[in-house]
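# Here is a sequence with its predicted model. Questions after.
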Amino acid sequence: MCAIAISNAARVDIPLFYEQHGWHRTSVASAAAAVQFTISLRQRNIPKLKRLALEVSTPGHASYGRFLSTREIDELTRPSPEARNAISTWLSEAGVHDATFERENVFVSCPVGLASALLETTFSVYKRGSKAIIRASSGYKVPDGIAKNVATIFGLHGIPRPPHLAAPALAPPHRPAKVTPAVLAATYSIGTPYVDRGGKGIQSVAEFQGQYMSDKDLRSFFKAEVPNAQPGDDQVAKYVGVPYRKGDGVEALLDVEFVMGVAPGVKTQFWEWPNMDFCGDLHNYTAAMLAADEPPLSSSISYGWQGDLAELHCKPADLAAVDINWMKLAARGLSIMISSGDSGAGYTIPQCSPTPGEMGKVVTNGTVLASVNATVLGCCNEAHSRGAAGWSWSPHQNVLAKSSLDKNYSFTDSVYHTSYPSADPNFPRRSVYVLNGVLTSYGGNVALRNVNGTISDTTIMFGAEWTPSKGSPQRLRNISMVASGPKNETLNGKAVFIVYPDSIMCVELEFITSSRTYATILVSGPNLPPPPPPGKCTIYSMVAAVGPSSDPHTRTEAKIRKPSLFPSWPASSPWVTAVGATRFIGQVVGGGEMATDQFGSGGGFSKDFTQSDAPWQVAMVAKYVAIGPTLPKFPPKGDFDPMGRATPDVSALGEGYQVWVDGKVQSVGGTSASSPTFASMVSLLNEARFKAGKPQMGFLNPFLYANSDAFFDVVNGTNAFGRGPFTTPLGFACAPGWDAATGLGTPHFDKLLAAALS
């Protein structure tokens, strides 16, 4: 392994949310374990690419439909040769030999030990249920001379999107009307469109995080719902990403059955990305689309996150890199439909971070609402739950004053138990240990007896006391012991002591193997130890002033964040078409449409992208914002950016889809139903344009907003719903014209077809 010395380096630190999403750190990653990450280099001429992408996508422009080739995009944007050479030299000198350069990306695979040295970070194993991932457990550094060439690095921290809870089934009379390809064809005047089965039309669905389909269910769906299909119409033309793998993913089957069922005969590809990194997977997917020789011309993606992207460890630079890829796909003439989300306006109550508040600050003028003893995290949560204006927390002074053991520490028949479940046979679950011995500030030996008899009696050797950081209530000692049982091993580690106001306690003993994985953690007592020492928590109903604290360990949040509204990303990218959802009024097929209320049709205003990148929607969105204060539950000024990229763009029916899953029919809903439906109609528009000697539709939004009369204007309903039929305090109501619940409305296919051929 090569040691990397970095004197001048750019450090990237991000807040880590592994635990909040159920990913528990179980061990230090083995130095020999493999880790993969992608270095995305800075690209050139992005403003020019943006201009060209808009020009080829805007009806009436001289360049409309004159899409760029992959070669033209590469020549315009590829990083400089100097940048590539600098990265190549850096990796080679560090001992990295498995690095593949593809356009602006460098795909790296190397041992954890080498990656740790290269990026000055640490890696750990995190588990959630049966899933395990290796991720960085701290920030990382890149030398200044290299950092200037790097846009971002994917794969170090990314975690998957948390699993969505299914919306509860509704009983009659609220049960959704049954939606089939025939119902969609009648509702949207699709008729009997032309399809050249041997032509160049290709469509696709993209699936993530292990959503697989069943070709048997697809055939059953076609037999039941598309009786006039021709032989072969019920077969996926190509699997991309991973080979066909039978599964019963409801999401995947919904997507593929309806994108094919509404446009039978159009060649359909199934793109599967089963990895476990939300932003990284989207980056890899878009990169693969750009690299494809014959990519799908119309694609549907039922995937996104309506929340703070930082919680999935997506950095702003990650979003920017993925967005450039969406822009490239638009320049290449590809139509991308993405479901706008199922959580309405994305009403989210802010969560306290693992280390909340600003250190070293205190409220100097305010109205006290309450004063309690709490941990700093408990203080933050309590203040948020009370709707307070702010809070201050400080540790009890007698905790900080006790800087070390002022007398010997005694283990007298002290009971510990196995906490960390590992495969080490020496430390099975529920094992109990009794410790006896005396420590001085310099260390000592403590006898250990295993009550279960799994290992022989042994001695733990303790080193001198040390403190992890100034003012920390923790005191640590290095420890070592020989364990003789089902296997013989020498274990090292550390003992963790906690200083309480009137005492000190050894709360756990952490033992690590020679390969730096956890062997076991022995925790004090028959149950878990008490929580960290509390401090004084003062909660304020009003905060007038904040100043420096005489105690540097004080933490303060002077202005508690209000609940936030989050549109779904990547649907909020300016270079894709976001698709919302409707239902039949009265749940009667053939009736008018309204915004869904089985769940909230995702929509709102982006904090990450502005309408400067979406000029085609500025005028219509401004009209909606102007009448917003007259609408029910409309968010007050300051709760959203009225100039943010606004979604959705369009909608389609999104409740009651009849999906074949594992040989049976399920009624399924979501914007993940409306997105493939709209994508299939775009495929049919492409077929008609090809027949007329025209190119494909390409990036759709300038065309759609220029032809808003080709949509049913949905004026009933709201998206003030969560992921299920429960209301939220704020949301966006439907209104004449574009609105943030259903966009332009739902399609008149015959009018869209006429506009596409004009």
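Looks like it came in fine.
# Who are the contact partners of residue 521?
418, 419, 420, 508, 509, 510, 511 (CB atoms under 8 Å, 6 or more residues apart in numbering). All C-beta atoms are positioned from the backbone trio N, CA, C, and that covers glycine.
# could you dump the residues you listed to CSV with pLDDT and neighbour count?
Listed next are the contacts of residue 521 as CSV, based on pLDDT from 0 to 100; neighbours: other CB atoms under 10 Å:
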residue, pLDDT, neighbour count
418, 84, 22
419, 74, 17
420, 62, 18
508, 87, 20
509, 90, 26
510, 88, 20
511, 87, 26
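# which of those residues lies closest to residue 197?
residue 420 (58.4 Å; CB to CB).
# Could I get the full set of strands for the stretch 451-600 of the chain?
In the stretch 451-600 of the chain, the strands defined using DSSP state E, counting those that start in this stretch lie at 458-466, 474-484, 488-499, 504-512, 518-524, 535-548, 555-557, 564-565, 577-584, 593-595.
# Mind listing the strands the second one pairs with, and their directions?
In other words, strand 474-484. Partners of strand 474-484 in the sheet, by DSSP bridges, are strand 458-466 (antiparallel), strand 488-499 (antiparallel).
# Name the residues of the first one that come out as buried.
In other words, strand 458-466. Judged by neighbour count (16 or more other CB atoms under 10 Å), strand 458-466 contains these buried residues: 458, 460, 462, 463, 465.
# Taking their axis directions, that strand and strand 504-512 sit at what angle?
Interaxial angle of strand 458-466 relative to strand 504-512 (axes from the mean of the first three to the mean of the last three CA atoms, to 10 degrees): 110 degrees.
# and what of the last one?
Between the axes of strand 488-499 and strand 504-512, defined by the same axes, to 10 degrees, the angle is 150 degrees.
# Contacts for strand 488-499 next, please.
399, 402, 405, 409, 426, 462, 465, 473-483, 504-514, 519, 529, 532-533.
# swap the cut-off to 6 Å and go again
399, 402, 473, 475-483, 504-512, 519 (CB atoms under 6 Å, 6 or more residues apart in numbering).
# Buried ones from the residues you listed, can you make that a ChimeraX selection?
In ChimeraX, a selection of the buried entries from the contacts of strand 488-499 looks like this (16+ other CB under 10 Å):
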select :399,402,473,475,476,477,479,481,483,504,505,506,507,508,509,510,511,512,519
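# And the buried residues of strand 458-466, which two are furthest apart?
Maximum pairwise distance in the buried residues of strand 458-466, criterion CB to CB, is 22.1 Å, between 458 and 465.
# Could I get the buried residues of strand 458-466 in a markdown table, plus columns for distance to residue 651?
Formatted as a markdown table, the buried residues of strand 458-466 follow (distance: CB to CB, whole Å):
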| residue | distance to residue 651 |
| --- | --- |
| 458 | 68 |
| 460 | 65 |
| 462 | 66 |
| 463 | 65 |
| 465 | 64 |
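# any chance of those in JSON lines, plus pLDDT?
Output for these, formatted as JSON lines (pLDDT from 0 to 100):
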{"residue": "458", "pLDDT": "94"}
{"residue": "460", "pLDDT": "95"}
{"residue": "462", "pLDDT": "93"}
{"residue": "463", "pLDDT": "88"}
{"residue": "465", "pLDDT": "87"}
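# Show me the strands in the stretch 151-300 of the chain, by range?
So, for the stretch 151-300 of the chain - with DSSP E, counting those that start in this stretch - the strands run 202-208, 238-240, 267-273, 298-301.
# Single out the most deeply packed of those.
Ranked by mean neighbour count, these are led by strand 298-301 with a mean of 29 (mean count of other CB atoms under 10 Å).
# Check the offset of it from the chain's centre.
Centroid separation for strand 298-301 versus its chain: 19 Å, with CA atoms, centre = their mean, to the nearest Å.
# which other helices and strands contact it?
strand 202-208, strand 335-339, helix 671-691 (3 or more CB pairs under 6 Å, 6 or more residues apart in numbering; DSSP states H and E).
# Any idea which of these gets closest to residue 190?
Taking these one by one with CB to CB, helix 671-691 is closest: 6.9 Å.
# State the next helix or strand along the chain beyond the closest one.
Moving toward the C-terminus from helix 671-691, the first helix or strand encountered (DSSP states H and E) is helix 701-706.
# And the average pLDDT for the helix or strand following that following helix is what?
The helix or strand immediately downstream of helix 701-706 is strand 711-712, counting by DSSP H and E. The pLDDT scores in strand 711-712 average 98.
# Show me the contact partners of the next helix or strand after strand 711-712.
As assigned by DSSP H and E, the chain's next helix or strand after strand 711-712 is strand 746-747. Contact with strand 746-747 is made by 188, 582, 593, 651, 652, 711, 712, as judged by CB under 6 Å, 6+ apart.
# rewinding a little: deepest of the helices and strands packed on strand 298-301, which one?
By mean count of other CB under 10 Å, these have strand 335-339 as the most buried, with a mean of 29.
# now the angle between strand 202-208 and that one, please.
Strand 335-339 and strand 202-208 are oriented at 40 degrees to each other (the same axes, to 10 degrees).
# Quick check: which helices or strands does strand 335-339 pack against?
Short answer (3+ CB pairs under 6 Å, 6+ apart): strand 335-339 packs on strand 298-301, strand 577-584, helix 671-691.
# so where is the stretch 651-758 of the chain shaky, pLDDT-wise?
725 (pLDDT under 70).
# Name the residues of stretch 563-581 that are buried.
Quick answer for stretch 563-581 (16+ other CB under 10 Å): 564-581.
# Can you show me the CA trace of stretch 548-562 as CSV?
Provided in CSV are the C-alpha atoms of stretch 548-562 (Å, rounded to 0.1, in the frame of the first residue of the first chain):
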residue,chain,number,x,y,z
PRO,A,548,-20.7,34.2,22.1
SER,A,549,-20.8,31.9,25.1
SER,A,550,-18.2,31.8,27.9
ASP,A,551,-18.5,28.0,27.6
PRO,A,552,-17.2,26.9,24.2
HIS,A,553,-19.3,23.6,24.4
THR,A,554,-22.6,25.5,24.4
ARG,A,555,-24.8,24.9,21.4
THR,A,556,-27.6,27.1,20.1
GLU,A,557,-30.2,27.2,17.4
ALA,A,558,-31.5,30.8,17.3
LYS,A,559,-33.9,30.4,14.4
ILE,A,560,-35.6,27.0,14.2
ARG,A,561,-36.3,26.1,10.6
LYS,A,562,-39.9,26.1,9.6
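# so for that stretch, what's the average pLDDT?
86.
# what's next to that stretch, contact-wise?
350, 357-362, 376, 390-395, 471, 543, 546.
# 8 Å instead, please
Applying CB under 8 Å, 6+ apart, the contact partners of stretch 548-562 are 350, 356-363, 376, 379-380, 383-384, 388-395, 397, 400, 471, 543, 546, 639.
# likewise stretch 83-97?
Counting contacts by CB under 8 Å, 6+ apart, the residues touching stretch 83-97 from outside are 1-2, 4, 39, 41-42, 99, 101, 106, 108, 110, 114, 117-118, 143, 145-146, 149-150.
# Filter those residues down to the buried ones.
By 16+ other CB under 10 Å, the contacts of stretch 83-97 give 4, 39, 41-42, 99, 106, 108, 110, 114, 117-118, 143, 146, 149-150 as buried.
# Restricted to helices, list the residues you listed.
114, 117, 118, 146 (DSSP state H).
# Specify which member of those residues is nearest to residue 718.
Within these, proximity to residue 718 (CB to CB) peaks at residue 146, which comes in at 49.7 Å.
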